[in-house]
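# sequence below, structure please.
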Amino acid sequence: MAGPNRHEFNWKKHVRFFKMCLQVVPGRYASMDTTRMTVAFFAISGLDMLDQMDAIEKDRQKMVDWIYSLQYLPNAARSNEGQCGFRGSSTAGRPFDPKESSRNPVPHDSGHIAGTYSALLSLLILGDNLSKIDRPAIVAGLRKLQLSDGSFSATPEDGENDMRFVYCAACISYVLDDWSGIDRPKVIRYIKNSLTYEGAFAQGPGLEAHGGTTFCAVASLVLMGCLHEVISPSQLDRLKRWCLLRQQSGFQGRPNKPVDTCYSFWVGGTLQLLGVFNYSNNLFNRGFLEETEDSVVGGFAKWPDNSPDPLHAYFGVCGLSLMSEPGVLKMDAALNVSERSAARLRGIHSLWRDSADGGVPPLLPLEHTAFLKRCLMALPSAAATADASRSPPKHILDSYLILSSTGWLWLISVCVALIYSITWMF
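Purely as a prediction, here's the structure:
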């Protein structure tokens with residue numbers, strides 16, 4: 001879509017909004033305090049989707065340390081592994097300590113499945129190599145959270161259990177490259193039992209179909225690699241039809257409900273996973289997002305003439321990514337991150353698998369990776385005859401960051417050192 005009347009999104013203000021969400025947020029967000037980890041994910045991934053991670057480069061390591069400070073680690077006897085994962089925030093009263101985050105746990109303290117999901121993806125996006133994660137403990141924690149019907153509760157202390165946490169469990173297992181923490185046949189049965197007469201998925205069996213939970217169900221099956229084995233062709237056709245009918249201007253979550261910014265991703269992402277997003281109307285969808293953009297502070301609101309919030313600001317950007325909006329990176333819809341971050345995760349998986357076979361050098365710490373990146377960026381200015389045209393293309397830097405996760409930084413380090421020396425010589 002091009003032309004003189006095309007609305008241009010003010011990405012600088014969106015970047016400023018996401019940065020605000022990582023610092024001091026307005027008082028109206030006070031109810032989100034217990035879910036600060038998820039708010040941080042929305043902001044961090046939002047900046048990544050806008051290809052603006054440099055905006056928080058100086059605080060990157062601080063953010064990584066903060067996330068690790070909320071990891072609930074097992075005790076020496078590993079008798080509390082069922083509580084392990086990442087907390088949603090420091091609300092329970094844990095002091096800040098990224099190295100010893102739960103050796104002396106406070107009462108009623110445990111990980112939260114959504115906090116774990118958000119933490120893992122945030123660390124990935126921030127460029128961490130995930131080496132400080134206690135993977136066996138998190139897997140054990142997932143095992144404790146699964147219920148007999150196949151669903152998952154949010155914490156070991158019970159509480160809500162529905163399709164949202166099934167999706168969190170699937171993402172966590174995918175990121176950790178370890179599916180032993182969940183009973184997949186039970187998960188699949190729960191998802192199938194939640195398929196309604198309408199043709200889409202509900203929060204659980206016997207409930208109403210919903211755009212958000214339909215995404216969670218479909219994405220979980222995609223991550224498990226069994227979508228077409230579990231859902232029959234006729235069921236898939238009905239599911240596609242139900243999702244396409246959710247578009248009015250933007251997308252609604254249920255029939256006879258108003259359209260809402262976040263469903264541009266929840267329903268749009270489902271359509272992409274089903275291979276039929278091209279049948280939706282991008283002109284109408286984009287037009288609705290234009291109406292919900294806040295032209296003053298940035299971000300997207302739930303509805304037009306409302307205040308923006310971290311969730312809708314993020315999913316508005318994701319909805320535009322699905323439409324290939326200029327200035328927004330392509331995304332991996334199932335994992336809910338940029339394709340760049342998903343590629344980096346595949347590199348980490350390769351490292352883990354090769355390390356299990358005893359074949360790959362270890363990763364360098366994040367700060368060393370950042371140093372090497374700075375060296376690459378500094379190459380043109382290091383020589384007296386340098387000019388701006390010699391700056392390494394951004395796609396090369398992105399490729400470097402992906403390669404840095406595969407364990408071959410020792411070789412990259414040597415190459416960078418040689419190039420850096422030659423540049424100074426000539």
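
# low-confidence regions, this protein specifically.
Low-confidence regions of the chain, defined by pLDDT under 70, span residues 1-4, 100-105, 358-426.

# so where do the strands sit in the stretch 201-350 of the chain?
For the stretch 201-350 of the chain, applying DSSP state E, counting those that start in this stretch gives strands covering 331-332, 337-338.

# now residue 74: phi and psi?
Note on residue 74: backbone dihedrals following degrees, to the nearest 10 are phi -70, psi 160.

# surely it meets residue 81?
Yes. Using C-beta atoms under 8 Å, residue 74 is in contact with residue 81, at 5.0 Å. In this view, the C-beta of every residue, glycine as well, is placed from N, C-alpha and C.

# what is in contact with these two at once?
Common neighbours of residue 74 and residue 81 (criterion: C-beta atoms under 8 Å, 6 or more residues apart in numbering): residue 137.

# look up how far residue 251 lies from residue 336.
For residue 336, the distance to residue 251 equals 16 Å [C-beta to C-beta, to the nearest Å].

# among the two, which residue is more densely surrounded?
Shown here are residue 336 and residue 251; by other C-beta atoms under 10 Å, residue 251 has more neighbours (28 against 22).

# can you count the residues close to the closest residue to the more buried one other than its chain neighbours?
Residue nearest to residue 251 in three dimensions, not counting chain neighbours: residue 263, with 3.7 Å by C-beta to C-beta, 6 or more residues apart in numbering. A count of nearby residues for residue 263, using other C-beta under 10 Å, gives 28.

# show me the contacts for residue 153.
For residue 153, the contact set (C-beta under 8 Å, 6+ apart) comprises 113, 145, 147, 159-161, 165.

# adding secondary structure, distance to residue 107 and neighbour count, write the residues you listed out as a markdown table.
As requested, the contacts of residue 153 are exported to a markdown table (DSSP: H, G, I helix; E, B strand; the rest coil; distance: C-beta to C-beta, whole Å; neighbours: other C-beta atoms under 10 Å):
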| residue | secondary structure | distance to residue 107 | neighbour count |
| --- | --- | --- | --- |
| 113 | helix | 20 | 28 |
| 145 | helix | 20 | 28 |
| 147 | coil | 24 | 13 |
| 159 | strand | 17 | 10 |
| 160 | strand | 21 | 12 |
| 161 | strand | 23 | 21 |
| 165 | helix | 23 | 25 |
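
# can you add distance to residue 18 and give those back as CSV?
As requested, the contacts of residue 153 are exported to CSV (distance: C-beta to C-beta, whole Å):
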residue, distance to residue 18
113, 24
145, 30
147, 35
159, 29
160, 28
161, 31
165, 26
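
# pick the one among the residues you listed closest to residue 274.
Nearest to residue 274 among those is residue 165, at 22.4 Å by C-beta to C-beta.

# residue contacts, the closest one?
113-114, 145, 151-154.

# okay, the strands of the stretch 201-350 of the chain in CSV with mean neighbour count next?
Output for the strands of the stretch 201-350 of the chain, formatted as CSV (neighbours: other C-beta atoms under 10 Å):
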stretch, mean neighbour count
strand 331-332, 22
strand 337-338, 26
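
# closest to residue 30 out of those strands?
Using C-beta to C-beta, the strands of the stretch 201-350 of the chain put strand 337-338 closest to residue 30, at 27.6 Å.

# contacts for that closest one next, please.
Residues from elsewhere that reach strand 337-338, judged by C-beta under 8 Å, 6+ apart: 45, 48-49, 121, 124-125, 321, 329-332, 345.

# try stretch 27-43
For stretch 27-43, contacts defined as C-beta under 8 Å, 6+ apart pick out 18-19, 21-22, 25, 63, 67, 70, 86-91, 112, 114-115, 118-119, 121-122, 307, 309-311, 313-314.

# could you report the neighbour count for residue 257?
Residue 257: 13 neighbours (other C-beta under 10 Å).

# any idea how far it lies from residue 133?
Applying C-beta to C-beta to residue 257 and residue 133 gives a distance of 39 Å.

# what do you get for residue 150?
Remark: distance between residue 150 and residue 133 (C-beta to C-beta) = 25 Å.

# more neighbours, those two?
A direct count of neighbours by other C-beta under 10 Å for residue 150 and residue 133 places residue 150 higher, at 23 against 20.

# hang on, the more buried one packs against residue 190?
Yes. Under the criterion of C-beta under 8 Å, residue 150 makes contact with residue 190 at 3.2 Å.

# my read: residue 209 touches residue 217, true?
No. Taking contacts as C-beta under 8 Å, residue 209 lies outside contact range of residue 217: 9.9 Å.

# between the two, which contacts overlap?
Residues touching both residue 209 and residue 217 (C-beta under 8 Å, 6+ apart): residue 201.

# where exactly do the helices run in the stretch 1-150 of the chain?
With DSSP state H, counting those that start in this stretch as the criterion, the stretch 1-150 of the chain has helices at 11-21, 36-49, 60-69, 113-125, 135-145.

# put together JSON lines for the ones you listed, with distance to residue 271 on each row.
As requested, these are exported to JSON lines (distance: least, C-beta to C-beta, whole Å):
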{"stretch": "helix 11-21", "distance to residue 271": "24"}
{"stretch": "helix 36-49", "distance to residue 271": "18"}
{"stretch": "helix 60-69", "distance to residue 271": "32"}
{"stretch": "helix 113-125", "distance to residue 271": "22"}
{"stretch": "helix 135-145", "distance to residue 271": "29"}
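
# domain boundaries for this protein, per the record?
Structurally, the chain divides into domains by automatic domain parsing as follows: 11-347, 351-425.

# how far does stretch 16-28 stretch from one end to the other?
18 Å (C-alpha to C-alpha, to the nearest Å).
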